[in-house]
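Trainee: Sequence first, predicted coordinates after that:
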Amino acid sequence: MQLSVKDLDYIIEGTKVLDAVSLCVEEGGFVGLIGPNGCGKSTLLKNIYKTYKPERNAVFISGKDVMEMPPKEMAGEVSVVAQENNVEFDVEVLDMVMYGRYAHRRFLEGEKKEDIELCRQFLREVGMEGYEHRMYLSLSGGEKQRVLLARALTQQSRLIVLDEPTNHLDVRYQYLIMQTLKKQKITVFSSIHDLNIASMYCDKIILMDRGRIVAVGRPEEIITEKYMQEVFGVRSQIKVNEITGKIQIYYLSDNCKDC
Ligand code: ADP
Ligand code: MG
């Protein structure tokens, strides 16, 4: 088991934002986390990569309690593409990606040629070749997002955790990013906003609602008309696409129960 969460609660200002959350992500899996806005997806992911401090004995990566793992060991095990990245000082794109090699370098060790080559290779994979010497803060939202993915991949950890990684991207790059992730020999755990993208790439989906896990299963078991109605409050029709063989969701008009 690459990642497991056991009975995790998290309280923000007196509100239980996560309520007894348990889940597991097997090695090599591509697992999507879905659920309505505010259901606790980002809070859960932040507990996993320790932006928030989880309880002890609640989050395990490769069998180890994350609270027992020093930063460098953590960086060797898990890479992260978070949603908000407050970059305080500007750097060139190549340097930003080089930060991903942190776990692999000794104190005060210089950059190795292989490290730079690896960074260039992942920049190519995310469609950012030629941007190596651009300043990071001058990039568009989607370009930044792709650079952050390249940075996470150069870390070469066995697990990558992402929070809505395709949010700023146009449709071509949404698919490029998911395809790039799928190609790697890496376990993926990602919150995903677009349910058609989730059904296309994930082998397992975890559905959350109001701080709890409601259902876990294959995309066709979770992305159903019933759950769309119950959890998202939206009427839909779900069909198998004859070209991809994957399920596809169509949202129906007059479909919002609160409107
Ligand atoms: P999601 O990522 O699924 O949209 P979040 O995990 O960001 O949801 O938020 C879950 C809930 O916790 C929401 O109701 C949100 O308003 C609340 N929340 C998150 N962060 C804070 C915070 N810093 N202070 C108060 N409430 C918060
Ligand atoms: Mg979120």
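Mentor: Ah, there it is. Ligands and ions are numbered 1, 2, ... in the order given.

Trainee: For the residue in the stretch 51-200 of the chain that ligand 1 sits nearest to, give its distance to Pro165.
Mentor: Proximity of the stretch 51-200 of the chain to ligand 1 (CB to the nearest ligand atom) peaks at Ser191, 6.6 Å away. Heads up, the C-betas are built off the backbone N, CA and C, glycines and all. According to CB to CB, to the nearest Å, Ser191 and Pro165 sit 8 Å apart.

Trainee: more neighbours, those two?
Mentor: Pro165 (27 against 23; other CB atoms under 10 Å).

Trainee: Got the confidence number for the residue lying closest to the more buried one once chain neighbours are set aside?
Mentor: With sequence-adjacent residues excluded and distances taken as CB to CB, 6 or more residues apart in numbering, Pro165 is closest to Val81, at 5.2 Å. Predicted confidence (pLDDT) for Val81: 95.

Trainee: Now do the contacts for Val81.
Mentor: 145, 148-149, 152, 160-163, 165 (CB atoms under 8 Å, 6 or more residues apart in numbering).

Trainee: could you redo the last one with a cut-off of 6 Å?
Mentor: Residues in contact with Val81 (CB atoms under 6 Å, 6 or more residues apart in numbering) are 148-149, 152, 162, 165.

Trainee: same question, Lys50
Mentor: Lys50 neighbours (CB under 6 Å, 6+ apart): Val66.

Trainee: where does it fall, helix, sheet strand or coil?
Mentor: The local conformation at Lys50, judged by DSSP: H, G, I helix; E, B strand; the rest coil, is coil.

Trainee: where's it relative to ligand 2, distance?
Mentor: 17 Å (CB to the ion, to the nearest Å).

Trainee: Same check on Tyr131?
Mentor: Separation of Tyr131 from ligand 2 (CB to the ion): 27 Å.

Trainee: got the phi/psi numbers for that residue?
Mentor: Dihedral pair for Tyr131: phi -100, psi 10, per degrees, to the nearest 10.

Trainee: Do I have it right that it meets Glu92?
Mentor: No: with contact defined as CB atoms under 6 Å, Tyr131 does not count as touching Glu92 (9.2 Å).

Trainee: These two: who's more crowded?
Mentor: Neighbours around Tyr131 and Glu92, counted as other CB under 10 Å, are more numerous at Tyr131. The numbers are 21 against 14.

Trainee: Could you measure from the residue of the stretch 51-200 of the chain closest to ligand 1 over to ligand 2?
Mentor: Distance from Ser191 to ligand 2, by CB to the ion: 6 Å.
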